[in-house]
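Asks: Next comes the sequence, and after it the predicted model I'd like to discuss.
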Amino acid sequence: MTARRQLPPVRLLRAAVATAGTSHVHWFRWAGEEPYGNGSLYRCRCGEFRPGL
């Protein structure tokens, strides 16, 4: 049986912070009406906008 190597808590915390910033799932919320169309605009918390369908 092989022994599992344990990381110190500081290294675990650094690894968690490093991977947390790389993954982002867009979460769009209604931001208002589209000024040049007949739809709505939806904004993500990162600043990206998408038109509604």
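Replies: That came through, no problem. Numbering: from 1, shown residues only.

Asks: Following element in sequence after the lowest-mean-pLDDT helix or strand in the chain, please.
Replies: None of the helices or strands of the chain scores lower by mean pLDDT, DSSP states H and E than helix 9-20, at a mean of 56. Using DSSP states H and E, the helix or strand that follows helix 9-20 towards the C-terminus is strand 29-33.

Asks: Show me which parts of that next one are buried, residue by residue.
Replies: Using 16 or more other C-beta atoms under 10 Å as the test for burial, strand 29-33 gives no buried residues. Heads up, the C-betas are built off the backbone N, CA and C, glycines and all.

Asks: Who does the next helix or strand after it pair with, and is each partner parallel or antiparallel?
Replies: Per DSSP H and E, strand 29-33 leads on to strand 40-43 as the next helix or strand towards the C-terminus. Using DSSP bridges, the strands paired with strand 40-43 in its sheet are strand 29-33 (antiparallel), strand 49-51 (antiparallel).

Asks: what's the average pLDDT for the shortest one?
Replies: Put plainly, it is strand 49-51. When pLDDT is averaged over strand 49-51, the result is 88.

Asks: Give me the buried positions along that strand.
Replies: Buried, per 16+ other C-beta under 10 Å, within strand 49-51: nothing.

Asks: Out of the strands paired with strand 40-43, which is closest to R43?
Replies: strand 29-33 (3.9 Å; C-beta to C-beta).

Asks: hmm, who's touching the closest one?
Replies: Strand 29-33 is contacted from outside by 39-44, 49, 52, using C-beta atoms under 8 Å, 6 or more residues apart in numbering.

Asks: try 7 Å this time
Replies: Strand 29-33 is contacted by residues 40-43, 49 when judged by C-beta atoms under 7 Å, 6 or more residues apart in numbering.

Asks: Let me have the strands paired with strand 40-43 in TSV, extended by distance to S23.
Replies: Listed next are the strands paired with strand 40-43 as TSV, based on distance: least, C-beta to C-beta, whole Å:
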stretch	distance to S23
strand 29-33	19
strand 49-51	19
